[in-house]
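Colleague: build the 3D model from these lines:
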Amino acid sequence: MTVIAGRYRLLDVLAEGATGTVWRALDGTSGHEVALKESRVPPGLPADEVPPFHARRERGARAAARISHPSVVRVLDVVTEDGRPWVATELVRGLTLAETLAGGPLPSREAARVGAEVLAGLRAAREAGVPHRGVEPEDVLLGNDGRVVVTGFDGAPEDGASRAEELRSLGALLEGIADDRSGPLGTVIDALLGEGPGGAPTAERAERELRRVAGGGARTPTGGSGADGAGARAGGDGSRTGGDAPRAGAAPADASATHRSAPGDGAVSAPGTSPARRTRTPRRVPVLVAGVVGALLIAGALVYHAVRDEGPATGPGAPGGVTSTVPAGSGTTGADGAPTAPRS
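Modeller: Numbers count the residues shown, from 1 in each chain. Alright, predicted model coming up:
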């Protein structure tokens, strides 16, 4: 088997494209499997332009190694073999978005989730100084573990798209992968493409709106400045937010994820209700009930004592009272009032 740079043993081909071939390889140093990309020279490129082409690819790969985000493929190493750069990255087990779409478009909420994770990765790459040149379905991996991972950062940083072009590229991607764009997702796509009534959104705002759509939450106008509502983990996962920071004390948007409330707590909070009020409110009910019962008991005792002390006397022989029917002695009395012995 072929070994690259004395370290990476090629096992089999994972994917082939215009920019190169991706191999599954075994790292002889760590013993782990990696994805190893072999750079391919575009057809018709003059011979004197081949070395600068490879140099740009190598420079882009080394720049991509600076990106640290779960939605961006992790670059592990860059080596050279026969004057060509080979880039070792983490091996993400799953399918590309292009392969997934062969079975049909994605449901709107899943498309929004993919878009939000892609945009989070693009934002992290831009902050690291490595803008993407334009995301295509072949550049997005859908991992078996649920991760959405962006690849294709092998161009030189100066070849990357502008921020506006990046958002339009994402809008075009979402337009092509969603099965329905007539609802809230369509509004976000229009805004990303620059066709919305409120103008193009910021990347932070667009990511937040995509997460809301993915979670099935209420959407605010993408181009406006509406108040942030509670979104649906994420999840995990997650990275979020920028320009419109949540108000102090408000539930975080997309606590999931998403984002979302903590897994397993089962609580659903109404918008604008703080957790402290939700826990205090039920305690007042037993206190009020106990107070009312106590007051009724005290009032009843007072009435009872008043009737007993102020009412007509009772007892044997008292007027209006109760006369006892129990014999006063062990026998009965005769006509003259003398005791009479009982008959046997």
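Colleague: buried stuff in stretch 55-62?
Modeller: Judged by neighbour count using 16 or more other Cβ atoms under 10 Å, the buried positions of stretch 55-62 are Arg56, Arg57, Glu58, Arg59, Gly60, Ala61. Glycine gets a C-beta too; all of them are placed from N, C-alpha and C.
Colleague: any chance of those residues in CSV, plus distance to Ser39?
Modeller: As requested, the buried residues of stretch 55-62 are exported to CSV (distance: Cβ to Cβ, whole Å):
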residue, distance to Ser39
Arg56, 10
Arg57, 5
Glu58, 8
Arg59, 12
Gly60, 10
Ala61, 9
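Colleague: go through the residues you listed and name the one nearest Val135.
Modeller: Distance to Val135 across the buried residues of stretch 55-62 (Cβ to Cβ) is lowest for Gly60, with 15.1 Å.
Colleague: could I get the CA-only coordinates of whatever helix or strand that closest one lives in as PDB?
Modeller: Following DSSP states H and E, one finds Gly60 within helix 50-64. Extracted in PDB, the C-alpha atoms of helix 50-64 (Å, rounded to 0.1, in the frame of the first residue of the first chain):
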ATOM      1  CA  VAL A  50       1.400  24.600 -11.100                       C
ATOM      2  CA  PRO A  51       3.900  25.300  -8.300                       C
ATOM      3  CA  PRO A  52       2.100  28.600  -7.300                       C
ATOM      4  CA  PHE A  53      -1.200  26.700  -7.400                       C
ATOM      5  CA  HIS A  54       0.100  24.100  -4.900                       C
ATOM      6  CA  ALA A  55       1.600  26.800  -2.800                       C
ATOM      7  CA  ARG A  56      -1.800  28.500  -2.500                       C
ATOM      8  CA  ARG A  57      -3.400  25.200  -1.500                       C
ATOM      9  CA  GLU A  58      -0.800  24.500   1.100                       C
ATOM     10  CA  ARG A  59      -1.100  28.100   2.500                       C
ATOM     11  CA  GLY A  60      -4.900  27.700   2.700                       C
ATOM     12  CA  ALA A  61      -4.700  24.400   4.500                       C
ATOM     13  CA  ARG A  62      -2.300  25.700   7.100                       C
ATOM     14  CA  ALA A  63      -4.600  28.700   7.600                       C
ATOM     15  CA  ALA A  64      -7.600  26.400   8.000                       C
END
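Colleague: that helix - contacts with which helices or strands?
Modeller: Helix 50-64 sits against strand 75-81, strand 84-89, with contacts defined as 3 or more Cβ pairs under 8 Å, 6 or more residues apart in numbering; DSSP states H and E.
Colleague: just say which of the ones you listed is most tucked in.
Modeller: Compared across the helices and strands packed on helix 50-64, strand 84-89 shows the largest average neighbour count, a mean of 23 (mean count of other Cβ atoms under 10 Å).
Colleague: residues in contact with that strand?
Modeller: 4-5, 8, 25, 27, 34-39, 54, 57-58, 61, 73-80, 151, 154 (Cβ atoms under 8 Å, 6 or more residues apart in numbering).
Colleague: what are the pairing partners of that strand, and which direction each?
Modeller: strand 33-39 (antiparallel), strand 75-81 (antiparallel) (DSSP bridges).
Colleague: of those strands, which is nearest Leu119?
Modeller: Of all the strands paired with strand 84-89, strand 75-81 sits nearest to Leu119, with 20.2 Å by Cβ to Cβ.
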